[in-house]
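# mind looking at a prediction? Sequence and model below.
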Amino acid sequence: MNPPRFRHFVAIDWSGAAGERHKGIAVAMAHAGDEAPALVRPGHRWSRPEVLHWLLHDLPDNTLVGLDLGMALPFADRGGFFPGWSESPPDARSLWALVDGICEADPHLGASSLVDHPEAAQHFRRHGGREGMHFGGGRGRFRLTERAQEAMGCRPYSNFNLVGAAQVGKSSLTGMRLLHRLAGRLPVWPVDPLPTQGSVVVEIYTTIAAMAAGRPPGRSKMRSHADLAEALAALGSAPAVGSGPIDDHASDALLTAAWLRRSAHDQALWRPEGLATVAQTEGWTFGAR
């Protein structure tokens with residue numbers, strides 16, 4: 001394991017929204033050193049398939065890529081992703097394949113077919129007061145990494161929750177389609193071992209980066225270049241280009257790219273307590289410990 005080998009650091013703010021192109025997707029890159037992170041294709045409104053294409057064809061060598069989504073669903077709490085369903089997958093890679101297969105006809109890497117699937121739907125909280133009999137009530141089910149996030153002071157949401165502005169379920173499901181299509185071409189830690197060379201994808205939670213920059217969990221969003229510059233300075237980074245207001249998707253991506261650059265060398269972040277028991281099922285959020 002040799003994290004210092006990374007030369008580039010990419011953070012992608014992802015979106016599970018319906019449609020082709022999304023204001024909620026932002027791609028930022030920081031290079032080794034302390035220069036300012038920058039948006040990739042600034043002003044461009046990305047589609048999910050475009051991000052996939054960029055990762056497969058335009059990503060620089062030796063890049064650490066952070067995707068702001070949940071790479072899997074809870075497994076450890078009940079011994080399965082979808083207990084009671086005979087098709088419930090045994091591990092994360094099988095889950096990605098299941099989601100991509102069921103949603104094959106959904107355009108733009110969408111995931112509505114999985115959400116509406118008669119068996120899978122019983123595990124989700126959906127709009128219109130529809131809560132599946134296996135959702136579990138309350139805040140729903142959580143992965144071990146999300147419990148670790150809670151212990152850090154974050155406020156994670158269950159990936160089975162598809163309701164509310166802060167929900168991450170839809171982005172996680174669409175992200176699983178992307179992860180399935182990266183299979184064999186770009187490793188995803190910790191489902192795949194951390195390679196000794198080349199690029200790798202990890203799951204990120206932008207609030208962790210904001211907290212590392214001194215912002216409290218409830219005020220993690222930055223909507224001005226001044227606030228972003230202050231947070232970047234706390235991470236030892238030069239300020240991003242621009243002034244005045246900034247979209248919080250862009251600021252999340254820019255700050256998290258700088259945080260990945262600073263944090264990739266921390267060996268403890270690659271070996272969090274509890275990882276070994278869920279690495280191939282639930283995965284993990286880089287930075288949660």
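Looks like it arrived, so ask away.
# which parts of the stretch 101-250 of the chain are strands?
Assigned by DSSP state E, counting those that start in this stretch, the strands in the stretch 101-250 of the chain fall at 125-126, 130-131, 200-203.
# low-confidence ranges, this protein, go.
1-4 (pLDDT under 70).
# only alpha carbons, please: show the top helix by length along it as CSV.
Looking across the chain with DSSP state H, the single longest helix is helix 248-263. C-alpha atoms of helix 248-263 as CSV (Å, rounded to 0.1, in the frame of the first residue of the first chain):
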residue,chain,number,x,y,z
ASP,A,248,-22.4,24.5,-3.6
HIS,A,249,-22.0,21.5,-5.9
ALA,A,250,-18.9,23.1,-7.3
SER,A,251,-17.6,24.2,-3.9
ASP,A,252,-18.1,20.7,-2.5
ALA,A,253,-16.1,19.2,-5.3
LEU,A,254,-13.3,21.8,-5.2
LEU,A,255,-12.8,21.5,-1.5
THR,A,256,-13.0,17.7,-1.4
ALA,A,257,-10.4,17.4,-4.2
ALA,A,258,-8.1,19.4,-2.0
TRP,A,259,-9.0,17.3,1.0
LEU,A,260,-8.2,14.1,-0.9
ARG,A,261,-4.8,15.5,-1.8
ARG,A,262,-4.0,16.2,1.8
SER,A,263,-5.6,13.0,3.2
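# by contact count, what packs against that helix?
strand 8-13, strand 26-31, strand 38-39, strand 63-68, helix 206-212, helix 225-234 (3 or more Cβ pairs under 8 Å, 6 or more residues apart in numbering; DSSP states H and E). Backbone N, C-alpha and C define where each C-beta goes, glycine included.
# other SSEs contacting the third one?
Based on contacts counted as 3+ Cβ pairs under 8 Å, 6+ apart, the elements that strand 38-39 packs against are strand 26-31, helix 248-263.
# and those, which is most packed in?
helix 248-263 (a mean of 27; mean count of other Cβ atoms under 10 Å).
# now it against strand 63-68, angle please.
Here the directions of helix 248-263 and strand 63-68 differ by 140 degrees (axes from the mean of the first three to the mean of the last three Cα atoms, to 10 degrees).
# give the next helix or strand downstream of helix 248-263.
Next helix or strand after helix 248-263 toward the C-terminus (DSSP states H and E): helix 275-278.
# for Asp68, what are its contacts?
With contact taken as Cβ atoms under 8 Å, 6 or more residues apart in numbering, Asp68 is in contact with 11-14, 171, 203-206, 252-253, 256.
# same thing but at 10 Å, please
Applying Cβ atoms under 10 Å, 6 or more residues apart in numbering to Asp68 gives the contacts 11-15, 24-26, 168, 171-172, 175, 203-207, 209, 249, 252-253, 256, 285.
# give me the distance between Asp266 and Phe81.
In this structure, Asp266 and Phe81 are 30 Å apart, going by Cβ to Cβ, to the nearest Å.
# no, scratch that, I was asking about Leu173
Going from Leu173 to Phe81 by Cβ to Cβ gives 12 Å.
# so what's in contact with the two at the same time?
In contact with both Leu173 and Phe81: 73, 95, 120, 159, using Cβ under 10 Å, 6+ apart.
# sounds good, over and out.
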